[in-house]
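J.: Next input, structure requested:
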Amino acid sequence: MSLIKKYFMPNEYVNSIYEIKPEKLVEMNIKGIITDLDNTLVGWDVEAPTELVERWFKEADAKGIKVTIVSNNNEERVSVFSKPLGVDYICRAHKPRGKSFRKAVDLMNIKPEETLVIGDQMLTDIFGGNRNGLYTIMVVPVKNTDGFTTRINRVFERRLLKYFKRKGYIDWEE
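T.: Residues are numbered from 1 along each chain as shown. This is a model prediction of the structure:
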């Protein structure tokens with residue numbers, strides 16, 4: 001397997017977090033979720049969890065799955081969003097560096113092989129999860145707009161997606 005595929009290709013690709021069913025995760029022996037916040041759970045400009053997000057978190061909790069939000073954003077943004085959900089969070093995570101992923105696994109007191117990473121960015125969420133041996137699911141970004149750094153990342157993502165498609169590794173669209 002090429003290193004590009006190993007590190008940048010998600011295990012799964014879905015339209016939104018709502019396609020990720022806690023019942024299926026239990027069958028996969030997933031006990032914890034590390035999820036990105038901006039453009040994964042809600043748009044980057046949405047301050048609080050929506051009712052749908054709250055319901056999804058409650059479903060995960062009901063199945064015994066712990067969730068930790070890991071974001072490169074600042075303390076205020078991430079804490080204001082996470083506290084109503086009653087979940088741990090790590091802000092200024094410096095993804096794709098591994099420290100925040102390992103810290104989240106330790107916080108949830110689970111093993112890496114019991115951990116799922118969900119995110120909308122291949123160069124931060126998926127790369128960080130894959131290089132730490134975690135199961136990764138990439139979601140379509142909630143919004144079509146991004147900050148400056150993310151816009152640069154998206155250029156590289158599109159190239160990787162075209163490469164994966166050309167090699168026959170994926171059959172989903174950008």
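
J.: Every contact and neighbour count from this point should use C-alpha atoms.
T.: Noted.

J.: Show me the strands in the protein, by range?
T.: When assigned using DSSP state E, the strands of the chain occupy the ranges 12-14, 32-35, 66-70, 88-90, 115-119, 135-139.

J.: can you point me to the longest helix in this structure?
T.: With secondary structure taken from DSSP state H, the chain has its longest helix at helix 148-166.

J.: Buried residues, that helix. List them.
T.: Buried positions in helix 148-166, judged by neighbour count with 16 or more other CA atoms under 10 Å: 157, 160-161, 164.

J.: Tell me the pLDDT of Asp61.
T.: Asp61 carries a pLDDT value of 97.

J.: Any idea what the residue lying closest to it once chain neighbours are set aside is bridged to?
T.: Distances taken as CA to CA, 6 or more residues apart in numbering place Val67 nearest to Asp61, at 8.0 Å, with adjacent residues excluded. Beta bridges link Val67 to Ile33 when assigned by DSSP bridges.

J.: Need the distance between the two termini of stretch 20-32.
T.: 13 Å (CA to CA, to the nearest Å).

J.: residues in contact with that stretch?
T.: Stretch 20-32 is contacted by residues 14, 59-60, 63-68, 105, 108, 110, 113-116 when judged by CA atoms under 8 Å, 6 or more residues apart in numbering.

J.: That concludes my questions; thank you for your assistance.
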